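S.K.: Any chance you could fold what I've pasted below:
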Amino acid sequence: MNLLFEVVSAGGKILLLLNVISIILVNVLHFANGSKHLSKSMILLMVLLMGILYIEIFSSYLSGRGTSNLYLTHYYTIGQFFILSIIYYRQLKKFKIVVPIAVVLYSSILIYQLAESKIVYNEFNISGFLISACLLIFYAFFYYIEHIANKKYWDTFNVGLFLYLGGSSIIFLTMNSGENPDKWYLYIWTINASLAVLYQVFISITIYRFHRLQKNQNGISSL
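M.R.: Predicted coordinates for the structure are as follows:
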């Protein structure tokens, strides 16, 4: 099982690296073609992927030295939430108001956790992850409702995010409520790593669809 986890984890990191390279090239190509309407959503997604890649590399480095790397999950969870909040604020029209409400709610919960010492720096904040995941799933749900009648390249990312966060939330809820979580620790993280791979596959398709859109519109984005 340990070997399977290593293989799946390595596959996710390779896909992440390929996605970072791909999205940089696509955005640079789009800019080089003289487009006056760069997609800010794809630029922000590029920043998010680069941040995740940095965390993955640094996490592996710390792990190799036998040093705890769980504190990096705080930066991942918080950074992902706020960057995706900005992206969905741009993507949503009718339901745009849900984003600032969610940001205020999440920020308030974080402040409460910090004030009450609920967050341990060198431990994974499961409740913080679950709250951010639920709010991001709401974004994805409202995006689906708003764009159900018309197709956009961001639809693919939206499905991937929904599946990844939905699956991870169920896994961590199970882990948190189980009687002997240590027994299932490796299985849980292997499944979560598999969901991360699936998420990266959907991101790859999103980047490809965005690139096709730019080619069809001579490098000018409609979004």
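S.K.: Render the CA-only coordinates of stretch 21-40 in PDB, please.
M.R.: In PDB, the C-alpha atoms belonging to stretch 21-40 read as follows (Å, rounded to 0.1, in the frame of the first residue of the first chain):
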ATOM      1  CA  ILE A  21       4.500  24.600 -17.500                       C
ATOM      2  CA  SER A  22       1.400  24.400 -19.700                       C
ATOM      3  CA  ILE A  23      -0.500  27.300 -18.200                       C
ATOM      4  CA  ILE A  24       2.600  29.500 -18.200                       C
ATOM      5  CA  LEU A  25       3.200  28.800 -21.900                       C
ATOM      6  CA  VAL A  26      -0.500  29.300 -22.700                       C
ATOM      7  CA  ASN A  27      -0.600  32.600 -20.900                       C
ATOM      8  CA  VAL A  28       2.700  33.800 -22.300                       C
ATOM      9  CA  LEU A  29       1.600  32.800 -25.800                       C
ATOM     10  CA  HIS A  30      -1.700  34.600 -25.300                       C
ATOM     11  CA  PHE A  31       0.200  37.700 -24.200                       C
ATOM     12  CA  ALA A  32       2.700  37.400 -27.100                       C
ATOM     13  CA  ASN A  33      -0.100  37.400 -29.600                       C
ATOM     14  CA  GLY A  34      -1.000  40.900 -28.600                       C
ATOM     15  CA  SER A  35      -4.300  40.100 -26.800                       C
ATOM     16  CA  LYS A  36      -5.800  43.100 -25.000                       C
ATOM     17  CA  HIS A  37      -8.100  40.800 -23.000                       C
ATOM     18  CA  LEU A  38      -6.000  38.500 -20.900                       C
ATOM     19  CA  SER A  39      -8.000  36.100 -18.800                       C
ATOM     20  CA  LYS A  40      -7.400  37.100 -15.200                       C
END
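S.K.: And that stretch, how far out from the chain middle?
M.R.: Average the C-alpha atoms of stretch 21-40, do the same for its chain, and the two points are 21 Å apart (CA atoms, centre = their mean, to the nearest Å).
S.K.: ok, and for that stretch, which residues are buried?
M.R.: By neighbour count on 16 or more other CB atoms under 10 Å, the buried set for stretch 21-40 is Ser22, Ile23, Val26, Asn27, His30, Ser35, Ser39. No exception for glycine: its C-beta is placed from N, CA and C like everyone else's.
S.K.: now, which of those residues sits nearest Tyr139?
M.R.: Tyr139 lies nearest to Ser39 out of these, by CB to CB, at 17.6 Å.
S.K.: Thought His211 was touching that closest one, still the case?
M.R.: No - with contacts counted by CB atoms under 8 Å, Ser39 stays clear of His211, the gap being 10.9 Å.
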